[in-house]
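Student: my questions concern the predicted model and sequence given below.
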Amino acid sequence: MALTLSADRNTTNMSHDEERADLAAAFRWTARLGMHEAVANHFSLAVSDDGRQFLMNANQQHFSRIKASDLLLLDAGNRETLDHPDAPDPTAWGLHGAIHRHCPHARCVMHVHSTFATVLACLEDSTLPPIDQNTAMFYNRTIIDGQFAGLAFEEEGERCASMLKDPSIQVMIMGNHGVLVIGATVAQAFNRLYYFERAAETYIRALQTGRKLRVLSDAIAEKTASEIENYPGQSERHLTELKLILDEEGSDYRK
């Protein structure tokens with residue numbers, strides 16, 4: 001069956017059922033953790049081999065209500081997307097569309113304005129030092145964008161995408177804005193999003209003590225990051241457990 005690439009959630013082809021369920025579950029849990037912002041943030045997931053065809057949440061729908069069938073199936077190469085009925089948020093299209101056009105390794109892209117990641121992004125020095133296991137997880141795996149230029153319409157999206165072409169980068173700390181996390185799967189991206197917010201919270205709360213930080217050595221930080229990257233199955237199990245909880249609660253996220 002051919003893909004129907006449309007911005008209309010009512011006519012979008014309902015293939016990729018498991019990918020849709022994974023993404024819908026991630027939306028639900030992000031809302032439950034209070035890491036979303038009203039109806040302003042977005043997740044996307046590439047579903048074609050070249051990464052240009054992707055699922056994304058519809059315009060201004062609250063994360064806590066998103067179902068698998070609500071997700072739009074879009075083509076990053078179709079610039080007429082915003083002219084379609086029920087088009088996506090133009091800033092979401094600008095940012096996520098550009099990343100899926102230019103960064104095929106970024107299969108799943110999650111952007112939020114979560115509290116502690118955004119506080120970190122507002123500091124003059126937004127570096128996240130390795131002061132514990134969670135902060136070390138992102139050692140040498142983040143990039144800081146210090147050139148915020150307004151809402152992420154297409155020009156801003158292109159600029160951000162140009163900074164994510166290195167596959168070793170997992171997180172973009174978007175200065176004066178928020179955070180963007182990428183991964184090969186929904187499970188991997190969501191796990192990183194969760195742990196980055198935890199890491200940012202640990203760092204910000206440590207700064208609030210006013211006391212000197214105990215920072216890990218470069219060697220130990222890299223060793224820890226590599227060990228976590230290679231730890232078997234944690235990302236997948238994390239998302240599986242969250243879906244099981246939603247299923248046991250009778251959630252309609254899979255619909």
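Tutor: That came through, no problem. If you're wondering where the values come from, they're calculated on a predicted model, not measured in any experiment.

Student: need the helices for the stretch 101-250 of the chain, in chain order.
Tutor: Secondary structure of the stretch 101-250 of the chain (DSSP state H, counting those that start in this stretch): helices located at 115-122, 133-136, 154-162, 186-208, 218-229, 234-248.

Student: contacts for the shortest one next, please.
Tutor: The one in question is helix 133-136. For helix 133-136, contacts defined as CB atoms under 8 Å, 6 or more residues apart in numbering pick out 128-130, 195, 198-199, 202-203, 216, 220-221, 224-225, 228. Where C-beta positions appear, they are placed from N, C-alpha and C, glycine not excepted.

Student: switch to 6 Å and redo it
Tutor: With contact meaning CB atoms under 6 Å, 6 or more residues apart in numbering, helix 133-136 is reached by 128, 130, 195, 198-199, 203, 216, 221, 224-225.

Student: looking at the residues you listed, which is nearest Phe54?
Tutor: The shortest approach to Phe54 among those belongs to Tyr195, at 23.5 Å (CB to CB).

Student: contact partners for that closest one?
Tutor: 134, 137.

Student: go again with 10 Å.
Tutor: Residues in contact with Tyr195 (CB atoms under 10 Å, 6 or more residues apart in numbering) are 133-135, 137-138, 171, 181, 228, 234-235, 238.

Student: can you get me a residue count around Ala76?
Tutor: Per other CB atoms under 10 Å, the neighbour tally for Ala76 reads 22.

Student: before we move on, the earlier item: redo the helices of the stretch 101-250 of the chain as JSON lines? Include distance to Phe54 and mean pLDDT.
Tutor: Output for those, formatted as JSON lines (distance: least, CB to CB, whole Å; pLDDT from 0 to 100):
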{"stretch": "helix 115-122", "distance to Phe54": "23", "mean pLDDT": "98"}
{"stretch": "helix 133-136", "distance to Phe54": "29", "mean pLDDT": "98"}
{"stretch": "helix 154-162", "distance to Phe54": "13", "mean pLDDT": "91"}
{"stretch": "helix 186-208", "distance to Phe54": "12", "mean pLDDT": "98"}
{"stretch": "helix 218-229", "distance to Phe54": "24", "mean pLDDT": "97"}
{"stretch": "helix 234-248", "distance to Phe54": "18", "mean pLDDT": "98"}
